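1. Below is the sequence, then the predicted model.
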Amino acid sequence: MSNLLTSLTETHRLATNLVAVKFLLQGRVQGIGVRPAVARAAIRLNLNGSACNTTDGVKVILEGRDSNIARFEETLREELSPQAAVHFASMAEVPVAGFGDFRIIQDIANAHVVVADVPTDLAMCPDCAAELVDPTNRRFGYGFSSCTQCGPRYSIVRSMPWERSRSTMACFDYCEACEAEFRKLNERRFHAQTITCPDCGPQLWFESEFASSHCLGGDAFESAIRLLRGGGILALKGLGGYQLICDARNSEAVKRLRLRKRRETKPLAVMISSMRLPKSSQTLDHSIDPRIDNSGIEFHAMSSPMNPIVVVSADNSLTFESLSLAPQVSAGFSTIGLMLPTTPLHTMLLKTLQTPLVVTSGNEDSEPIVYENDAARQTLNEIADGWLHHDRRIERPIDDSVVRIIAGQSVTIRAGRGIAPLRLSLQTSHRLLAVGGEQKVACAFSNGHQTVLGPHLGNMSSLAVRQRFVEHIESLQQLYQAAPDTIVHDLHPDYFTSRWALDRGLRTIAVQHHHAHIVSCMLEHRIPDSEVLGVAFDGTGFGTDGTIWGGEFLLATKSSFRRVGHLLPFVLPGGEKAIDEPWRTAVSLLTTAMPEITAEEIARLLQQTQEHHRCGTQADQTFGIFTADVSLAQIRQVQQLVASANGPLTSSMGRLFDGMAAIILGFCKSGFEGEPAMRLESVCAESGCPESNSPKFTKGESTSSQWPARMKCVLEERDGMLCIDWRTLVREIVTEIRIGRSSAAISQSFHQAIADVVESVVERFAGYKVVLSGGCF
């Protein structure tokens with residue numbers, strides 16, 4: 001700003017030394033109180049003019065003394081919320097127009113390409129939370145309170161720029177009291193676009209199959225409370241869609257929810273009212289050290305305005321009060337997803353019930369989240385016992401975000417509410433649409449001015465998810481006011497996303513799956529112009545040689561790659577059936593590594609590990625997940641398939657983990673993709689495992705007779721590439737099982753062997769930055 005002032009010409013100055021400037025604020029500037037902050041700063045400095053949300057950002061005109069304008073930026077920084085990310089652009093001098101005051105105005109509707117960040121949904125702020133429980137406040141107990149710092153944004157916006165009139169709040173007129181707050185400069189709801197109260201805002205109603213009539217307002221809330229206290233399942237209309245809720249301490253309620261949703265073993269998130277931060281964690285150490293206490297960072301992630309589900313250790317008693325959760329909640333995993341209340345309504349439920357709540361997406365398993373009232377009644381009819389609706393329309397459905405703190409750093413597992421849409425540090429003048437692969441799909445879009453990662457959509461196996469995918473792309477184009485001229489898709493020709501892209505009649509670019517993994521990580525860490533050694537470990541991806549990749553080492557730039565190493569390929573008996581039945585992969589690994597092994601020996605091995613691991617395992621007692629009937633005839637049939645190489649070849653690390661889970665744990669049937677690897681990880685977390693990075697636990701040694709010697713994969717060159725030969729590792733694991741070594745110790749050694757061989761490959765490419773990406777990480 002000061003540089004601009006030095007170049008102002010005298011032609012635009014009045015005799016009173018008044019000047020006028022116009023500039024644009026860009027970045028994260030809409031939906032978080034930037035215009036009110038601009039107005040307060042201007043009025044503090046006796047400046048007149050205007051602030052206006054536009055599709056480019058916030059357009060500001062200031063008139064006043066040049067000395068006051070020179071102080072504006074510093075004063076504005078004092079007024080902005082910590083969530084704002086503002087930079088000044090397009091500054092210019094303009095003629096003095098003679099504004100009589102400073103005002104916030106609304107832009108004339110237009111159809112310009114959107115350059116401004118679309119605001120994300122924000123969890124309830126501390127100020128609104130305090131009002132909610134204050135009996136003297138007019139918003140006491142009201143489930144839809146919000147202000148400039150919290151509340152719905154992306155989920156209700158119809159078009160940009162951000163204004164109430166362009167959101168689903170447009171149908172709610174201000175009452176007299178709300179309008180007074182909206183107009184009052186020093187109110188924290190000054191020009192808050194979602195301002196509302198019990199007299200003029202959204203209202204609740206409850207219905208159930210057994211209710212003779214709908215209950216409204218407070219009666220609706222009380223009906224929902226009675227249902228939950230009685231062990232029922234409530235379908236609650238949340239911020240970005242319906243959620244299925246039940247008492248997390250009620251075993252029968254959680255069992256019914258799992259059974260009705262067909263989610264027998266997949267993790268369930270738990271919403272808690274609060275958490276305490278241990279004194280030892282109040283000074284955070286953000287260094288990359290796997291031994292640091294993550295609890296303080298978990299606390300800050302959970303209590304941030306993004307309000308994600310945070311995956312934490314299930315026995316982290318230092319951080320979390322005793323939750324006394326039903327065993328069915330964790331399903332035997334060593335971690336659990338926790339979150340704090342998202343909205344005032346969630347807060348009131350938790351405060352009234354005084355118990356943690358299971359909160360999971362309102363959908364059938366593998367289907368998209370339901371977000372419309374009528375659809376919720378129909379789709380969730382076989383799951384929910386009652387519905388708590390409201391009349392604020394959700395324009396853009398969005399699921400909860402999921403993060404995990406690893407080595408002191410927050411890693412996003414699923415970008416949803418509060419995180420997406422996420423502006424990426426990628427500049428391109430092209431209008432591109434990237435449609436993802438087949439699983440855990442999220443689309444990215446560039447309108448020529450900004451590149452944005454959209455929210456998580458899910459797996460494309462369901463017709464309903466495919467329809468949501470198409471609707472979402474149309475919605476993105478409408479919101480950002482641009483249609484793509486190029487579509488980027490996965491190299492796999494049979495993925496739904498690839499077929500959809502090829503049917504559009506536009507220019508298309510096919511990208512190899514694992515190259516895309518590496519480049520996405522390069523972009524995330526802002527090294528897109530580097531050449532890196534990429535380590536891509538996941539479940540599946542179509543390789544350039546027509547086989548299934550998934551354990552890859554790539555020398556990569558953002559536009560090309562060379563495969564320099566891979567996992568030794570093995571037969572995947574039954575193709576995709578092996579994903580649901582990991583015992584098939586186990587038989588393939590055992591038969592390949594030990595050609596002399598018989599079907600009877602494999603059966604005995606699986607039975608031994610099943611019996612050993614399930615002793616005292618609550619997950620097995622609850623779900624029977626380690627019990628599977630695999631006959632000798634089935635094992636022999638798979639052995640024949642492997643011996644004759646009758647089945648797809650894969651170098652997938654994800655599938656190697658599947659097979660190892662079956663060998664080490666006797667885990668023969670998977671409830672969801674990735675479960676076998678998660679079971680192995682959980683076993684590693686059992687007490688007694690030595691730290692893998694301990695100097696006492698070195699290659700060829702063990703810390704005690706309880707732990708096996710350091711296991712290893714063999715690294716060798718084949719056809720000009722490095723090949724990780726896992727066969728020695730399989731034979732060592734079988735030996736340890738036969739002598740009765742614990743599954744925890746063997747699982748720990750398996751993980752360490754994989755880490756060791758990655759380190760060995762990295763040492764051969766010294767000088768390259770190393771990028772780790774893919775589902776296995």
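-> Alright, I've got the coordinates. Numbers count the residues shown, from 1 in each chain.
2. mind checking which helix or strand Leu350 is in?
-> helix 344-353 (DSSP states H and E).
3. quick one: whichever helix or strand comes after that helix to helix 344-353, angle?
-> Tracing the chain C-terminally past helix 344-353 and defining elements by DSSP H and E, one meets strand 357-361 next. Following axes from the mean of the first three to the mean of the last three CA atoms, to 10 degrees, one obtains 150 degrees for the angle between strand 357-361 and helix 344-353.
4. Could you list every helix and strand in contact with strand 357-361?
-> The helices and strands touching strand 357-361, judged by 3 or more CB pairs under 8 Å, 6 or more residues apart in numbering; DSSP states H and E, are strand 242-247, helix 251-261, strand 269-271, helix 344-353. Glycine gets a C-beta too; all of them are placed from N, C-alpha and C.
5. Now for the residue nearest to Ala645 when sequence neighbours are not counted: which residues touch it?
-> What sits nearest to Ala645 in space, not counting adjacent residues and going by CB to CB, 6 or more residues apart in numbering, is Val571, at 5.9 Å. Contacts for Val571 (CB atoms under 8 Å, 6 or more residues apart in numbering) come out as 588, 592, 641-642, 645-650.
6. Ok, Val488 next?
-> Taking CB under 8 Å, 6+ apart, one finds 432-435, 501, 508-509, 511 in contact with Val488.
7. right, and the pair among these with maximum separation?
-> Leu433 and Val511 (12.7 Å; CB to CB).
8. Those two - which one has more neighbours?
-> Neighbours of Leu433 and Val511, each counted by other CB atoms under 10 Å, are more numerous for Leu433; the result is 25 against 16.
9. what's the neighbour count on the nearest residue to Ser749 once chain neighbours are set aside?
-> Nearest non-adjacent residue to Ser749, counting by CB to CB, 6+ apart: Met711, 4.6 Å away. Met711 is flanked by 23 other residues according to other CB under 10 Å.
10. Doesn't Met711 belong to a strand?
-> No. Using DSSP: H, G, I helix; E, B strand; the rest coil, the secondary structure at Met711 is coil, not a strand.
11. re earlier: just name the most buried of the helices and strands packed on strand 357-361.
-> strand 242-247 (a mean of 26; mean count of other CB atoms under 10 Å).
12. re earlier: mind giving me a markdown table with the helices and strands packed on strand 357-361 and columns for mean pLDDT and distance to Leu656?
-> Formatted as a markdown table, these follow (pLDDT from 0 to 100; distance: least, CB to CB, whole Å):
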| stretch | mean pLDDT | distance to Leu656 |
| --- | --- | --- |
| strand 242-247 | 99 | 34 |
| helix 251-261 | 97 | 29 |
| strand 269-271 | 97 | 29 |
| helix 344-353 | 97 | 41 |
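13. Between those, which one is closest to Arg414.
-> strand 269-271 (11.0 Å).
14. Can you name the next helix or strand after that closest one?
-> Heading C-terminal from strand 269-271 (DSSP H and E), you reach helix 295-302.
15. now for the lengthiest helix in the chain, which elements pack on it?
-> When the chain is parsed with DSSP state H, its longest helix is helix 743-764. On a contact count with 3+ CB pairs under 8 Å, 6+ apart, helix 743-764 meets strand 532-542, helix 599-614, helix 653-665, helix 675-684, strand 714-718, strand 721-725, helix 727-738.
16. Following element in sequence after it, please.
-> Beyond helix 743-764 toward the C-terminal end (DSSP H and E), the next one is strand 769-773.
17. any idea how this protein splits into domains?
-> Per automatic domain parsing, the domain ranges recorded for the chain read 2-106, 204-304+316-390, 421-511, 571-713+723-757.
18. Now do Leu236, the pLDDT please.
-> Looking at Leu236, its pLDDT is 98.
19. Work out for me the element it sits within.
-> strand 234-237.
20. same question, Gly49
-> Using DSSP H and E, Gly49 sits within strand 48-54.
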